[in-house]
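Asker: How does the following fold in three dimensions:
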Amino acid sequence: MSKDAYPALAGELKELLGLGVEPIAITFVTGAAPSVPRFAATMPPATADGRTGAVPAGCVFWMHATEREFATVGADHANCGVGSLTHGFKSKDEIARGADVTALVEAEWVPANALDMIPTVGERPSAVVYGPLKSASVEPDVVFLRLTGKQLMVLHEAAPDLRFEGKPQCHIIPIAKESGAVAVSSGCMLSRVRTGMSNNEVTCAIPAGRLEDLIRKLRAVQRADLRVAAYASADAKRF
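Answerer: Model prediction:
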């Protein structure tokens, strides 16, 4: 996609789905860092197991990215072992003994072998860039959406092959990037608490290479849905 196309694509995506939150672009950088400002934050003192970061977890960057573009590095994500794993910054062995992962297992939130099953980004990035899709300065790998139930209904009509996932919420990012699948997560308690995301929202990761085709299909879905809505509304007047 050309950078000149991003504003129109973001605008059409918002209109077709009725989005209340800006679509964001996520780009994994493996070479030299792009000229994008680094996310500015004061990191808190490290925990006993050495964890600290710019935010409580990488999913918090989704919230900031609706407003501005910024780059992050592994240290910025490091307070959350699971997010560091899914985004390719750390290996399973590097996070397995962390207090956060231990707490999830001890709470019986995930089984002890959960780390073996989580999708991850294949190549360790030097940076991950986040920002509004409409003003992305680097080509995204993934377009990320926050959806209501109705918006998910419409999206599923346009992408019936989408993968529906659960926890951890962030693993839909590597699914979209590595497998080329549109992936939706019902969310996870860990992320919902850390991000403050609405209980009425779920999240979706779209491979950027599929976006233009998806928008074409959403246009057809919208036309059909408007006709059906008109029929249902007229028919309901009989009651």
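
Asker: Output the below-cut-off pLDDT ranges for this structure.
Answerer: Counting by pLDDT under 70, the chain has low-confidence residues at 1-2.

Asker: what about the strands in it?
Answerer: Secondary structure of the chain (DSSP state E): strands located at 24-29, 70-72, 127-132, 142-147, 163-165, 183-185, 202-207.

Asker: and F61, what is it in contact with?
Answerer: When contacts are counted by CB atoms under 8 Å, 6 or more residues apart in numbering, F61 touches 39, 55, 70, 72, 76, 128, 130. No exception for glycine: its C-beta is placed from N, CA and C like everyone else's.

Asker: Farthest-apart pair in these, please.
Answerer: The span of the contacts of F61, defined through CB to CB, is set by V55 and V128 at 12.4 Å.

Asker: okay, these two: which has more neighbours?
Answerer: More neighbours surround V128 than the other of V55 and V128, with 26 against 21 (other CB atoms under 10 Å).

Asker: Helices of this protein, residue ranges please.
Answerer: In the chain, the helices defined using DSSP state H lie at 6-17, 60-64, 74-77, 81-86, 92-95, 99-106, 149-158, 172-174, 189-195, 211-236.

Asker: Dump those to CSV, plus distance to E139.
Answerer: Shown next, in CSV, are these (distance: least, CB to CB, whole Å):
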stretch, distance to E139
helix 6-17, 9
helix 60-64, 18
helix 74-77, 21
helix 81-86, 21
helix 92-95, 29
helix 99-106, 32
helix 149-158, 22
helix 172-174, 16
helix 189-195, 25
helix 211-236, 11
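
Asker: Of all those helices, which one is nearest F164?
Answerer: Of these, nearest to F164 by CB to CB is helix 149-158, at 8.8 Å.

Asker: and the angle from the closest one to helix 211-236?
Answerer: 120 degrees (axes from the mean of the first three to the mean of the last three CA atoms, to 10 degrees).

Asker: For helix 149-158, which helices and strands make contact with it?
Answerer: On a contact count with 3 or more CB pairs under 8 Å, 6 or more residues apart in numbering; DSSP states H and E, helix 149-158 meets helix 6-17, strand 142-147, strand 202-207, helix 211-236.

Asker: Flag every buried residue along that helix.
Answerer: Buried positions in helix 149-158, judged by neighbour count with 16 or more other CB atoms under 10 Å: 151-152, 154-156, 158.

Asker: What residue, apart from its backbone neighbours, is nearest the most centrally placed residue in the chain spatially?
Answerer: What sits nearest the mean C-alpha location of the chain, by CA atoms, centre = their mean, is F144, with 4.4 Å. Distances taken as CB to CB, 6 or more residues apart in numbering place I24 nearest to F144, at 4.8 Å, with adjacent residues excluded.
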